[in-house]
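Asker: Model the structure of this input:
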Amino acid sequence: MASPLFSLVSRRFPKVGPHFFASPSRLAPSTNPSGSCGLQPLDLSPEALDLVNLVAGGEVSGSGAKMTEAWVRNKPGMASVKDMPVLQDGPPPGGFAPVRYARRIPTKGPSAIAIFLTAFGAFAWGMYQVGQGNKVRRALKEEKIAARTALVPVLQAEEDERFVKEWTKSLMWEEIIMKDVPGWKVGQSVYNSGKWMPPATGELRRED
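Answerer: The predicted structure is shown next:
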C-alpha cells in the first residue's frame, strides 16, 4: 500500500516510479545500448529530487532546504511577514448603531426656576429682616443718646455745685497756708501763658 507522501510525489512528479524509492540515490538504474549497466539521471528539479530523497530516507540538499509546506501543497508561499494580508477592523455594513454617551439624569424634584425663586425669596426675606433689625438698633441708639442728653445737664450741675464748694474750701486753705508769703495772691493761676486753663478738678476730691 502506497504511503500518502508517495502518492503526493507521484501525482506531482509522474516520472518518478516505485523503483526510484528503492535506493536513496538521486539516480535511477538504466541500460545503455552497449549492454553495460549504468546510471541515468532523471529530468527532475532539485526540489523534486530532495522530496524523493526525503521519501527514500536520504538527506535533503542545500537547495531543497528552502522547501516549505506551501510549496508542497502547490500554493504560493510567503517570503516575509510583509506578504501577509493586512486586516483591519472596520464597522459593519451600514455602520455601528448609535451609542448614548450622555448622562441621563432622571427629571425628578423641583425645577431649576423653582429652586431659583425659592432661593431668591429666602434671600429677600433675610435682607428684609436685616433692615428691620437695623431700624431697631438705630432706635435703641437714639434712645440712649436722648437719655444721656437729658441726664448730662443734671449730672453736670451737681458736679459744678460740688466743684464750687471744694474750690472755695481750697482757696480758704490756700489763704491760711500762704499768709506768711509776701506777694502771694490767693487763687491766682500758676500758669504764665496768658490763656485760660481749666481748673484741676482732680485735686478737688470729696473728703467722704
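Asker: quick one, domains of this protein?
Answerer: Domain ranges of the chain: 4-30+39-75, 112-189+197-203, per automatic domain parsing.
Asker: Which of the ones you listed comes out lowest on mean pLDDT?
Answerer: Across these, domain 4-30+39-75 has the smallest mean pLDDT, namely a mean of 54.
Asker: quick one, helices of the protein?
Answerer: Taking DSSP state H as the criterion, the chain carries its helices at 4-12, 46-56, 69-72, 112-177.
Asker: got these as JSON lines, with distance to residue 200 and mean neighbour count columns?
Answerer: Bear in mind the C-beta positions are built from the backbone N, C-alpha and C, glycine included. Listed next are these as JSON lines, based on distance: least, CB to CB, whole Å; neighbours: other CB atoms under 10 Å:
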{"stretch": "helix 4-12", "distance to residue 200": "140", "mean neighbour count": "13"}
{"stretch": "helix 46-56", "distance to residue 200": "138", "mean neighbour count": "19"}
{"stretch": "helix 69-72", "distance to residue 200": "128", "mean neighbour count": "12"}
{"stretch": "helix 112-177", "distance to residue 200": "10", "mean neighbour count": "11"}
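Asker: Out of those, the one nearest residue 104 is which?
Answerer: Ranking the helices of the chain by proximity to residue 104 (CB to CB) places helix 112-177 first, at 17.0 Å.
Asker: Export the helices of the chain as JSON lines, with columns for distance to residue 185.
Answerer: Output for the helices of the chain, formatted as JSON lines (distance: least, CB to CB, whole Å):
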{"stretch": "helix 4-12", "distance to residue 185": "156"}
{"stretch": "helix 46-56", "distance to residue 185": "153"}
{"stretch": "helix 69-72", "distance to residue 185": "144"}
{"stretch": "helix 112-177", "distance to residue 185": "10"}
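Asker: out of those, nearest to residue 194?
Answerer: Across these, residue 194 has its closest neighbour in helix 112-177 (21.6 Å, CB to CB).
Asker: tell me what that closest one is packed against?
Answerer: Taking 3 or more CB pairs under 8 Å, 6 or more residues apart in numbering; DSSP states H and E as contact, there are no helices or strands that helix 112-177 lies on.
Asker: quick revisit: can you check which of the helices of the chain gets nearest to residue 93?
Answerer: Across the helices of the chain, closest to residue 93 is helix 69-72 (CB to CB), at 32.5 Å.
Asker: Can you say which of the helices of the chain is nearest to residue 81?
Answerer: Per CB to CB, nearest to residue 81 of the helices of the chain: helix 69-72, 13.9 Å.
Asker: Good, we can wrap up now.
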